[in-house]
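1. output the structure for:
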Amino acid sequence: MQGDVTWTYAELAAVVADTALILKNYDIRPGDRVIIVSENSLAAVALILATLELEAWPAVVNPRLSDREIDLIREHSAARRVFYTIKASDAARQHAERHHADIAVLRGLGTLGVGPLNRDTVPEPVEVDRSRQVAALVYTSGTTGTPKGVMLSHRNLLFSARIASARREPTDKAYCVLPISHIVGYSNILIGSLMVGATVQLVPRFDPAALVAAIANDGITLMFGVPATYQRLLEYKTVAGIDRLPRGKLRRLAVAGAPLDVTLKSKIEAEFGLPLGNGYGITECAPAIAGVRAETPRSDDAVGSLITGIEARLVAPGGRVVAPGEVGELHVRGPNVMRGYYRAPEATAAVIDAGGWFNTGDLARFDGDILYIAGRTKELIIRSGFNVYPPEVEAVLNVHPAVAQSAVIGRSVPGNEEVVAFVQLLPDSTVTPSDLMAHAARLLTPYKRPSEIIVVDALPAASTGKILKHRLADAARDRAIEPV
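-> Residues are numbered from 1 along each chain as shown. Model (predicted):
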């Protein structure tokens with residue numbers, strides 16, 4: 001459902017069948033790449049499923065990406081056509097106009113932009129084993145350079161979605177505000193719900209007031225978010241003067257996509273009277289790798305135990321497997337691991353070895369069978385020979401009652417690296433960077449303390465709510481953001 005429009009499963013099947021015929025009429029062939037520039041919408045869901053019916057490859061792209069990013073994806077994928085859901089998104093309309101798309105009213109889908117036919121593109125071979133056929137081409141890291149197209153097969157997606165749907169019921173109603181252009185929204189929420197016949201409430205953009213209203217009035221039972229989703233709910237509660245956020249029919253809260261601060265976790269759990277289930281995954285793994293089990297909730301920031309069927313190992317620089325309890329780079333293997341990066345064999349070989357082990361690029365440790373994520377390999381700060389993991393410093397800053405959220409990055413200085421923290425304060429806070437420095441000094445050993453704390457109005461975030469640390473790193477290096 002989206003807004004006032006609800007499709008039953010029978011209606012969904014009928015719309016998908018009609019849409020498949022429409023795509024055929026637009027010369028979409030098996031193996032073609034089809035880009036769908038769309039916010040979360042019923043039309044996008046129908047286009048995805050119809051594309052799969054034709055054994056073509058759907059690539060859902062968030063219209064909030066820049067012109068450059070979308071143009072790079074269109075060029076790299078060599079898409080046969082691009083479809084734009086222009087009715088619900090001004091950004092999608094602008095991209096459609098740039099690309100000289102025709103405007104068409106299509107049965108069941110409403111008004112769409114339909115891009116010109118790419119007559120030169122060559123379709124990819126259709127797999128004899130359909131489980132290996134690409135079911136999603138998900139572009140990632142487009143804001144840091146050339147986008148990489150992650151090829152996820154039906155096997156990858158269904159493995160992950162089946163894990164996500166294990167505790168879901170047909171009577172459930174999932175709130176889907178995480179973009180289906182990203183893997184959690186697509187696999188865990190959308191496909192995981194469709195697998196059990198649950199209801200999915202599609203929401204184009206996150207608005208904490210709208211979410212609170214939906215919980216109170218719409219019978220939402222499942223809520224998924226990144227940590228920023230829950231942080232903004234608490235901010236809204238303060239600004240709106242609400243004594244307590246409504247629980248409604250909620251029975252499960254889940255979080256993934258970024259490190260979870262224990263203070264935020266405890267506040268949300270106290271607010272709703274429900275455990276906030278932490279999990280860990282990555283786009284290249286469709287995304288499921290680990291999760292906290294509902295029957296064994298935790299009070300710390302662990303991401304739980306490995307999903308059954310997935311192997312993991314922790315590797316030190318040079319390839320040595322680390323000792324129990326030590327931090328190492330996390331490598332995983334299983335039916336969740338992508339087929340590779342599209343048209344990038346070298347990049348694929350750099351992360352998947354001959355034995356099928358995928359290097360996540362994340363630093364982690366095990367305590368028994370429980371997994372903890374220490375941070376990204378590329379975000380590790382080495383200060384005076386000591387390892388500093390940004391999530392640990394962020395957790396300390398986030399404990400301060402005036403802090404809404406923080407992000408820590410490393411900045412190179414001659415012969416060393418220093419810790420720089422960007423902090424977003426709660427509304428009307430008068431706390432200063434000096435106050436925060438004193439707070440950090442009480443709780444962190446000297447080499448972990450920030451050299452500089454920069455207060456900003458808002459941390460830059462992707463459409464998922466994930467903090468864009470590369471922008472902060474650029475700002476710290478170039479002095480583009482001045483301390484308040």
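
2. what strand or helix carries V138?
-> In the assignment (DSSP states H and E), V138 maps to strand 134-140.

3. could you list the low-pLDDT ranges of the protein?
-> 141-145, 479-484 (pLDDT under 70).

4. my read is that V16 contacts E53, right?
-> Yes: applying C-beta atoms under 8 Å, one finds V16 in contact with E53, separated by 6.5 Å. The way it works is simple: take the backbone N, C-alpha and C, and place the C-beta from them, glycine included.

5. hmm, G281 is touching I289, no?
-> Yes: counting by C-beta under 8 Å, G281 sits close enough to I289 to count as a contact (5.0 Å).

6. give the residues shared as contacts by these two.
-> Residues touching both G281 and I289 (C-beta atoms under 8 Å, 6 or more residues apart in numbering): there are none.

7. which of those two has more residues huddled nearby?
-> Neighbours of G281 and I289, each counted by other C-beta atoms under 10 Å, are more numerous for I289; the result is 31 against 26.

8. contacts only, for the more buried one.
-> 280-282, 306-307, 310, 312, 332, 336, 360.

9. can you rerun that using 6 Å?
-> Applying C-beta atoms under 6 Å, 6 or more residues apart in numbering to I289 gives the contacts 280-281, 332.

10. in what helix or strand does it lie?
-> Judged by DSSP H and E, I289 forms part of strand 288-291.

11. can you give me the buried ones in that strand?
-> For strand 288-291, the neighbour count (16 or more other C-beta atoms under 10 Å) marks 288-291 as buried.

12. same question, stretch 235-248
-> In stretch 235-248, counting by 16+ other C-beta under 10 Å, buried: 235-237, 245, 248.

13. hang on, A210 in a helix?
-> Yes: assigned with DSSP: H, G, I helix; E, B strand; the rest coil, A210 falls within a helix.

14. for it, give its distance to R252.
-> 20 Å (C-beta to C-beta, to the nearest Å).

15. looking at these two, which is more packed in?
-> Applying other C-beta under 10 Å to A210 and R252 shows that R252 carries more neighbours, namely 17 against 14.

16. check the burial of P446 by counting its neighbours.
-> 9.

17. same check, this time on P427
-> 8.

18. cool, and T171?
-> Residues lying near T171 (other C-beta under 10 Å) number 12.

19. SS state for it?
-> Assignment for T171 (three-state DSSP): coil.

20. parallel or antiparallel, list what pairs with the strand holding I289.
-> Applying DSSP bridges, strand 288-291 is found paired with strand 276-281 (antiparallel), strand 305-306 (antiparallel).

21. quick one: which of those strands is nearest S429?
-> S429 lies closest, by C-beta to C-beta, to one member of the strands paired with strand 288-291: strand 276-281, at 24.4 Å.

22. ranking the strands paired with strand 288-291 by burial, who's on top?
-> Across the strands paired with strand 288-291, averaging neighbours per residue (mean count of other C-beta atoms under 10 Å) puts strand 276-281 on top, at a mean of 24.

23. show me what that one is in contact with.
-> Contacts of strand 276-281 (C-beta under 6 Å, 6+ apart): 253-256, 260, 265, 268-269, 287-292, 303, 373.

24. end to end, how far does stretch 185-204 reach?
-> 11 Å (C-alpha to C-alpha, to the nearest Å).

25. present the buried residues of stretch 235-248 as CSV; the columns should include secondary structure and distance to D90.
-> Listed next are those as CSV, based on DSSP: H, G, I helix; E, B strand; the rest coil; distance: C-beta to C-beta, whole Å:
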residue, secondary structure, distance to D90
E235, helix, 26
Y236, helix, 24
K237, helix, 30
L245, coil, 30
G248, coil, 31
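
26. of those residues, closest to V423?
-> E235 (14.1 Å).

27. state the distance from that closest one to V34.
-> From E235 over to V34 the distance is 38 Å, taken as C-beta to C-beta.

28. S429 too?
-> Distance of S429 to V34, given as C-beta to C-beta: 47 Å.

29. name the helices or strands packed onto the lengthiest helix in the chain?
-> When the chain is parsed with DSSP state H, its longest helix is helix 9-25. For helix 9-25, the packing partners by 3 or more C-beta pairs under 6 Å, 6 or more residues apart in numbering; DSSP states H and E come out as helix 42-53.

30. please put the alpha-carbon coordinates of the helix it packs on into CSV.
-> The C-alpha coordinates for helix 42-53 follow below in CSV (Å, rounded to 0.1, in the frame of the first residue of the first chain):
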residue,chain,number,x,y,z
LEU,A,42,3.7,0.9,-5.9
ALA,A,43,4.7,1.6,-9.4
ALA,A,44,8.3,0.8,-8.6
VAL,A,45,7.4,-2.5,-7.0
ALA,A,46,5.3,-3.5,-10.1
LEU,A,47,8.2,-2.5,-12.4
ILE,A,48,10.7,-4.5,-10.4
LEU,A,49,8.6,-7.7,-10.4
ALA,A,50,7.6,-7.3,-14.0
THR,A,51,11.2,-6.9,-15.0
LEU,A,52,12.0,-10.1,-13.2
GLU,A,53,9.2,-11.9,-15.0
